[in-house]
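Q: Below is the sequence, then the predicted model.
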Amino acid sequence: MKVVVQKFGGSSVANLERMRQVQEKVERKLNKGYKVVAVLSAMSGETDRLLNLAEDFSSRPDTDELDTLLCTGEQTSTALFSMLMRDKDIKTRSVQGFQIPVHTDSFFGKSRIRNISSDNLLNLLNDYDVLAVAGFQGCDQDQRLTTLGRGGSDTSAVALAAALDAELCEIFSDVDGVFTTDPNVCMQAQKMNRIAYDEMLEMASMGAKVLQIRSVEFAKKYNVPVHVRSTFNDIPGTLLVQEDNNMEGALVSGIAYDKNQARITLVNVFDQPGIASKVFNPLADAGIVVDMIVQNFSKENKTDITFTVSKGELEKALEIIEETKDEIGAVDILSDTNVAKVSVIGVGMRNHSGVAGIAFKALDKENINIMIISTSEIKISCLVEEKYTELAVRTLHEAFELDKSNSESMET
Ligand code: ADP
Ligand code: ASP
Ligand code: MG
């Protein structure tokens with residue numbers, strides 16, 4: 001049995017007309033002899049609508065019930081799409097995460113997939129030509145519905161492709177592929193024909209929401225061939241591939257940004273063993289993901305620690321920190337949601353110096369202040385004031401001449 005997984009994002013299933021375009025893409029694969037697992041997102045705007053609705057009903061909705069609510073978004077898309085397909089006499093049925101089942105942990109709102117059993121799906125594929133599978137959702141060991149975090153349908157699709165040993169996983173979206181930066185922010189952004197898994201991992205984790213980071217982790221781990229492309233044309237998109245020698249040629253391959261950041265500064269904490277552990281372990285125990293962390297060297301026995309968390313987790317993080325405030329000697333706890341992280345990414349910078357210098361000079365030219373800098377061997381991230389995000393992205397894109405070509409080495 002030849003199986004292909006095709007994932008369609010919110011804008012691709014936004015209404016009847018768009019779903020007809022999805023139908024066409026699916027039919028084309030059917031005509032080539034494939035069985036199709038169509039992983040669908042909620043209709044565009046639906047997840048946000050449900051989140052707002054929850055806030056009308058509760059000042060602090062519990063995450064378990066939120067997940068049960070959010071799952072209805074994807075459920076709706078799969079049922080409607082199945083009806084559309086059946087009208088054309090194509091053997092189709094909708095499948096929800098818990099029916100597969102997609103087993104996850106119990107971190108509601110940001111669950112991680114533990115395992116997916118393929119038996120059910122393979123049986124269903126004997127009876128149906130198309131399965132309209134709800135993305136973004138699973139269930140935990142207590143049979144509670146869970147969701148995989150915003151953009152989680154990408155992860156559902158790649159994980160299903162891995163479980164089914166599918167020939168290909170196509171991620172259809174409202175852009176033609178993965179670009180050197182968000183094409184909706186920078187008109188000069190260039191589509192890449194190929195991108196290395198590691199580079200895509202950094203792009204995704206630095207905020208390029210075209211793929212959810214966990215989907216790239218799955219793709220890399222299980223070597224899933226992923227093709228990111230547009231629902232609205234037939235132009236070849238971007239292939240995720242293993243890094244090869246040619247790729248080292250490109251110093252910088254992309255710029256990403258993340259506005260979902262909040263900064264916390266612990267002022268004048270003790271500079272002694274155990275302080276970082278007292279700060280960060282309770283946050284980790286509460287499932288809060290800490291991103292950038294900066295602590296300076298101090299000649300005195302006091303120093304500041306600054307770090308970032310997602311905006312949605314700021315309140316909870318502050319409550320937890322407040323409890324250790326005296327123990328760590330903090331004289332004040334400051335926070336700021338008016339920040340964004342802008343990152344320069346490229347596997348080529350591993351063996352080159354000077355990339356940071358070019359980035360800092362470009363930001364300086366626009367008078368953009370850098371609050372925090374963090375680096376890995378293939379990325380440099382700067383925390384800046386949120387209002388400068390777009391300007392910083394464009395300026396860095398230009399400074400690394402990403403508008404001139406999509407780096408020759410990336411051509412297939
Ligand atoms: P979908 O609903 O199809 O999952 P998303 O909105 O989650 O789509 O992701 C697609 C969006 O990702 C694009 O519209 C674009 O604005 C954004 N994006 C950010 N960075 C990039 C990038 N480097 N390449 C392509 N798109 C990007
Ligand atoms: N519907 C979910 C979201 O809006 C999941 C997805 O679209 O991938 O984040
Ligand atoms: Mg998405």
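A: That came through fine. Ligands and ions are numbered 1, 2, ... in the order given.
Q: tell me which parts of the stretch 1-150 of the chain are close to ligand 1?
A: 9-12, 41 (Cβ under 6 Å from any ligand atom). From N, CA and C alone the C-beta is placed, and that goes for glycine too.
Q: List just the nearest of those to ligand 3.
A: Checking these against ligand 3 with Cβ to the ion, the nearest one is G9 at 4.8 Å.
Q: Show the average pLDDT along the lengthiest helix in the chain.
A: Ranked by number of residues, the top helix in the chain under DSSP state H is helix 63-87. The average pLDDT for helix 63-87 rounds to 98.
Q: low-confidence ranges in the protein?
A: Within the chain, the ranges that satisfy pLDDT under 70 run 245-249, 405-412.
Q: List the contacts of the helix or strand encompassing T303.
A: Counting by DSSP states H and E, the element that carries T303 is strand 302-309. Identification of contacts with strand 302-309 by Cβ atoms under 8 Å, 6 or more residues apart in numbering yields 261-271, 275-276, 279-280, 283, 288-297, 317, 329, 339, 341, 371-372, 383.
Q: do the same with stretch 341-350
A: 196, 198-199, 202-203, 206-207, 243, 247-258, 261, 291-292, 308, 355, 359, 377-384, 389, 392-393, 396, 400.
Q: One more: stretch 379-386?
A: Here stretch 379-386 has contacts from 202, 206, 259, 261, 263, 292, 308, 337-346, 349, 355-356, 359, 363, 368-375, 392, using Cβ under 8 Å, 6+ apart.
Q: do the same with stretch 90-99
A: 27, 30, 71, 74-75, 78-79, 81-82, 85-86, 120-121, 124, 127-134, 136-139, 143, 145-146, 156.
Q: For ligand 3, what's its nearest residue on the protein.
A: Closest to ligand 3 within the chain is G151: 4.0 Å, counting by Cβ to the ion.
Q: Thought K209 was touching that residue, still the case?
A: Yes - with contact defined as Cβ atoms under 8 Å, G151 reaches K209; the gap is 5.7 Å.
Q: quick one: which of these two has more around it?
A: G151 (21 against 18; other Cβ atoms under 10 Å).
Q: need the contact list for the spatially closest residue to the more buried one that is not a sequence neighbour.
A: Ranked by Cβ to Cβ, 6 or more residues apart in numbering and with sequence neighbours excluded, the top spatial neighbour of G151 is Q212, at 3.8 Å. Neighbour list for Q212: 148-155, 204 [criterion: Cβ under 8 Å, 6+ apart].
Q: give me that answer again for 10 Å
A: 136, 148-158, 171, 204-205, 218 (Cβ atoms under 10 Å, 6 or more residues apart in numbering).
Q: what about H397, which SS state?
A: Following DSSP: H, G, I helix; E, B strand; the rest coil, the label given to H397 is helix.
Q: now, which of the contacts of stretch 341-350 lie within strands?
A: Among the contacts of stretch 341-350, the members falling in strands (DSSP state E) are 196, 254-258, 261, 291-292, 308, 379-384.
Q: what does the stretch 1-150 of the chain put close to ligand 3?
A: G9 (Cβ under 5 Å from the ion).
Q: Okay, strands next: where are they in the stretch 1-150 of the chain?
A: Secondary structure of the stretch 1-150 of the chain, counting by DSSP state E, counting those that start in this stretch: strands at 3-8, 35-40, 92-95, 102-104, 113-116, 130-134, 137-139, 145-147.
Q: Same list, these, but as TSV with mean neighbour count and distance to ligand 2 please.
A: Supplementary listing: the strands of the stretch 1-150 of the chain in TSV, determined by neighbours: other Cβ atoms under 10 Å; distance: least, Cβ to the nearest ligand atom, whole Å:
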stretch	mean neighbour count	distance to ligand 2
strand 3-8	26	8
strand 35-40	29	9
strand 92-95	21	16
strand 102-104	24	13
strand 113-116	17	14
strand 130-134	27	10
strand 137-139	27	9
strand 145-147	28	7
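Q: can you list those in a markdown table and add distance to N184?
A: Below are these laid out as a markdown table (distance: least, Cβ to Cβ, whole Å):
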| stretch | distance to N184 |
| --- | --- |
| strand 3-8 | 19 |
| strand 35-40 | 22 |
| strand 92-95 | 31 |
| strand 102-104 | 30 |
| strand 113-116 | 29 |
| strand 130-134 | 27 |
| strand 137-139 | 27 |
| strand 145-147 | 25 |
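Q: can you pull out the helices in the chain?
A: Counting by DSSP H, the helices of the chain are 16-31, 46-57, 63-87, 119-127, 152-163, 197-205, 213-221, 275-285, 314-328, 355-365, 389-399.
Q: do you know which of these lies nearest T238?
A: Among the helices of the chain, the nearest to T238 by Cβ to Cβ is helix 197-205 (8.6 Å).
Q: Can you name every helix or strand that that closest one contacts?
A: strand 194-196, helix 213-221, strand 226-230, strand 238-241, strand 254-270, strand 332-345, strand 379-385 (3 or more Cβ pairs under 10 Å, 6 or more residues apart in numbering; DSSP states H and E).
Q: show me what contacts the residue in the chain positioned nearest to ligand 1?
A: Going by Cβ to the nearest ligand atom, ligand 1 is nearest to G9 of the chain, at 1.8 Å. Applying Cβ under 10 Å, 6+ apart, we find G9 in contact with 39-42, 44, 135, 151, 153-154, 157, 171-175, 209-210, 231.
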